[in-house]
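A.B. asks: Structure here, sequence nowhere to be found:
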């Protein structure tokens, strides 16, 4: 692809995603709609979805950043529901959709129908988790959706490979399919386990943030390529490595963490935006190759497959939620639930770009390839539009318990209080040594900063300003910002008057930036 169309795609996606943040419409839906509209705008070049680019180049960084942001402890605590969805449901959906397509579409063989089932089986939970965070869903539901999205692609790609072998007549039978599945899953996890410790040690050894972040950008591709090299699951290898690194990210120096967070936020924002726009842009490609299936028959097949995809998820989610709870041990270990949580999880089964990328990778020698591509496209668009638009009102209608912000702030304050107490004791111990002697003003400054950190969270629990509605913490940050802005203006005026040079200005501004970052607690995006 030429450079200008690629730049236009990224810029257009960034603009649409930015506008979505000012509306109540989830960004993935607006991006898909923009892609559909742009597909027929005169002058817009065709944007093909090449599976050789999407799977090895776009999927690894998206999985990596999602896994780094996930909680290993929460995922481990919810391993059963996550495994039932990411493995059990994907295999169930492959069989259910495949058999239904075999019955509905004349002339479609069962192996080819199972190829379609494997392609549309994995939900893409990027949109669902974005909506979950925006609406403040309970942490357990968000964790389950995130965990499902991290692993289900590996299950679907393996099921797809087995189905393709059967459709082309090269299958080694059920035993061969099971062996391939075990090789991909166990091998992917094994590669991740082999790589995670050396990579983490290398991250701790490197002291230069730029080098560490360069390594960070390479990690997902290295893990994915290493696993695929031995015919294992690159998806699982990336997830295992990222979960380990995220769990031990505190052992990396602060400069790397700050820089890495900014870099990966930008990468994820661009890739997710481009991915959803590309879904809509595939419409001309899909319709062009439909051929003999044009008309009402193709639309009927699309509606049937979409309906089976939606129903099959509920048919799996509800029994998988309640049947295991017949066990007393599971009831004691896991929190109680009702019908509302599985309803949300069931309706959050939106499909995404991975399904389309797999569909485009179907060999041209497979019968009914164009129909598989069309039905995959309509299923992805249907789930994103129908379920994506109705999920927020459904969540509001069910009135699921939202996050207890007061309890979270209280827990944060208690944690900060314990940490500050330990820091104060350590400071007193250090200052008692002659080698750590400090002038009283500097020692007092250390204690003042510590006290400020301790009190900042408690102040959010206190009363607000009667005039502005701000907490004491808010007022402090606003005043600090005003003071820093005044200093910044003076530094710039001194540079303009040639009393300091640009190099010194950058040093002084960076110092102010760090102070401002310390004054302002991070706001959730």
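C.D. replies: Received, thanks. All of these numbers come straight from a predicted model, not from anything done at the bench. Numbers count the residues shown, from 1 in each chain.
A.B. asks: pLDDT score for the residue lying closest to residue 263 once chain neighbours are set aside?
C.D. replies: Nearest non-adjacent residue to residue 263, counting by Cβ to Cβ, 6 or more residues apart in numbering: residue 213, 5.5 Å away. For every residue, glycine as well, the C-beta is placed using N, CA and C. Looking at residue 213, its pLDDT stands at 89.
A.B. asks: which strands and helices sit next to the helix or strand hosting residue 358?
C.D. replies: Element membership for residue 358, per DSSP states H and E: helix 353-360. Contacts defined by 3 or more Cβ pairs under 8 Å, 6 or more residues apart in numbering; DSSP states H and E place helix 353-360 against helix 51-53, helix 110-120, helix 139-167, helix 254-281, helix 369-382.
A.B. asks: Contacts for the second one next, please.
C.D. replies: Under the criterion Cβ atoms under 8 Å, 6 or more residues apart in numbering, residues 93-99, 101-102, 105, 156, 159-160, 162-164, 166-167, 171, 305, 309, 351, 355, 358-359, 362, 366-368, 372, 375-376, 379-380 lie in contact with helix 110-120.
A.B. asks: Derive a ChimeraX selection command for the buried subset of those.
C.D. replies: To isolate the buried ones among those in ChimeraX, judged by 16 or more other Cβ atoms under 10 Å, type:
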select :93,94,95,96,97,98,101,102,105,156,159,160,162,163,164,166,167,171,305,309,351,355,358,359,362,368,372,375,376,379,380
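A.B. asks: Quick one: low-confidence residue ranges for the stretch 351-500 of the chain.
C.D. replies: Scanning the stretch 351-500 of the chain for pLDDT under 70 picks out 402-406, 456-466, 469, 471-473.
A.B. asks: Save the helices and strands packed on helix 353-360 as TSV, and put in distance to residue 208 too.
C.D. replies: Formatted as TSV, the helices and strands packed on helix 353-360 follow (distance: least, Cβ to Cβ, whole Å):
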stretch	distance to residue 208
helix 51-53	31
helix 110-120	44
helix 139-167	30
helix 254-281	9
helix 369-382	42
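A.B. asks: quick revisit: can you point out the helix or strand that includes the residue nearest to residue 263?
C.D. replies: Here residue 213 is assigned to helix 209-229, by DSSP H and E.
A.B. asks: Run through the helices of the stretch 301-450 of the chain in chain order.
C.D. replies: 328-333, 340-347, 353-360, 369-382, 388-398, 405-431, 440-460 (DSSP state H, counting those that start in this stretch).
A.B. asks: for these, which one ends up most surrounded?
C.D. replies: helix 353-360 (a mean of 26; mean count of other Cβ atoms under 10 Å).
A.B. asks: what angle separates that one from helix 110-120?
C.D. replies: Taking axes from the mean of the first three to the mean of the last three Cα atoms, to 10 degrees, one finds helix 353-360 and helix 110-120 inclined to each other by 150 degrees.
A.B. asks: Tell me which residues are up against helix 353-360.
C.D. replies: Under Cβ under 8 Å, 6+ apart, the answer for helix 353-360 is 49-51, 54-55, 58-59, 118-122, 124, 153, 156-157, 160, 275-276, 278-279, 282, 372-373, 376-377, 379-380.
A.B. asks: same deal with stretch 32-47?
C.D. replies: 1-2, 5, 9, 12, 16, 276-285, 381, 384-385.
A.B. asks: Looking at the protein, which helix is longest?
C.D. replies: Counting residues, the longest helix found in the chain (DSSP state H) is helix 173-205.
A.B. asks: What residues sit buried inside it?
C.D. replies: Quick answer for helix 173-205 (16+ other Cβ under 10 Å): 177, 180-181, 183-185, 187-192, 194-196, 199-200, 203.
A.B. asks: Which neighbouring elements make contact with it?
C.D. replies: Taking 3+ Cβ pairs under 8 Å, 6+ apart as the contact cut, helix 173-205 packs with helix 139-167, helix 209-229, helix 234-247.
A.B. asks: Let's have those in a markdown table, adding distance to residue 340.
C.D. replies: Output for those, formatted as a markdown table (distance: least, Cβ to Cβ, whole Å):
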| stretch | distance to residue 340 |
| --- | --- |
| helix 139-167 | 10 |
| helix 209-229 | 35 |
| helix 234-247 | 29 |
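A.B. asks: Of all those, which one is nearest residue 290?
C.D. replies: Smallest distance to residue 290 across the helices and strands packed on helix 173-205 (Cβ to Cβ): 19.5 Å, for helix 139-167.
A.B. asks: show me the contacts for the residue positioned nearest the centre of the chain.
C.D. replies: Taking Cα atoms, centre = their mean, the centroid of the chain lies closest to residue 66, which sits 3.6 Å from it. By Cβ under 8 Å, 6+ apart, residue 66 lies in contact with 126, 146, 149, 150, 242, 268.
A.B. asks: Among those, which one lies nearest to residue 257?
C.D. replies: Out of the contacts of residue 66, the member with the shortest distance to residue 257 (by Cβ to Cβ) is residue 242, at 14.8 Å.
A.B. asks: Give me the neighbour count for residue 231.
C.D. replies: Residue 231: 12 surrounding residues under other Cβ atoms under 10 Å.
A.B. asks: Which of the three states applies to it?
C.D. replies: coil (DSSP: H, G, I helix; E, B strand; the rest coil).
A.B. asks: contacting residues for it?
C.D. replies: 183, 184, 187.
A.B. asks: got those residues as JSON lines, with distance to residue 431 and pLDDT columns?
C.D. replies: Listed next are the contacts of residue 231 as JSON lines, based on distance: Cβ to Cβ, whole Å; pLDDT from 0 to 100:
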{"residue": "183", "distance to residue 431": "59", "pLDDT": "86"}
{"residue": "184", "distance to residue 431": "57", "pLDDT": "87"}
{"residue": "187", "distance to residue 431": "54", "pLDDT": "93"}
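A.B. asks: related to what we said a few turns ago, any chance of the helices of the stretch 301-450 of the chain in JSON lines, plus distance to residue 109?
C.D. replies: Shown next, in JSON lines, are the helices of the stretch 301-450 of the chain (distance: least, Cβ to Cβ, whole Å):
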{"stretch": "helix 328-333", "distance to residue 109": "40"}
{"stretch": "helix 340-347", "distance to residue 109": "30"}
{"stretch": "helix 353-360", "distance to residue 109": "17"}
{"stretch": "helix 369-382", "distance to residue 109": "12"}
{"stretch": "helix 388-398", "distance to residue 109": "33"}
{"stretch": "helix 405-431", "distance to residue 109": "54"}
{"stretch": "helix 440-460", "distance to residue 109": "62"}
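A.B. asks: So which of these is nearest residue 317?
C.D. replies: helix 340-347 (4.3 Å).
A.B. asks: which outside residues touch that closest one?
C.D. replies: 85, 137-138, 140-141, 144-145, 313-314, 317-318, 321-322, 387, 390-391, 394-395, 398, 400.
A.B. asks: 7 Å instead, please
C.D. replies: By Cβ atoms under 7 Å, 6 or more residues apart in numbering, the surrounding residues in contact with helix 340-347 are 141, 144-145, 313-314, 317-318, 321, 387, 391, 394-395, 398, 400.
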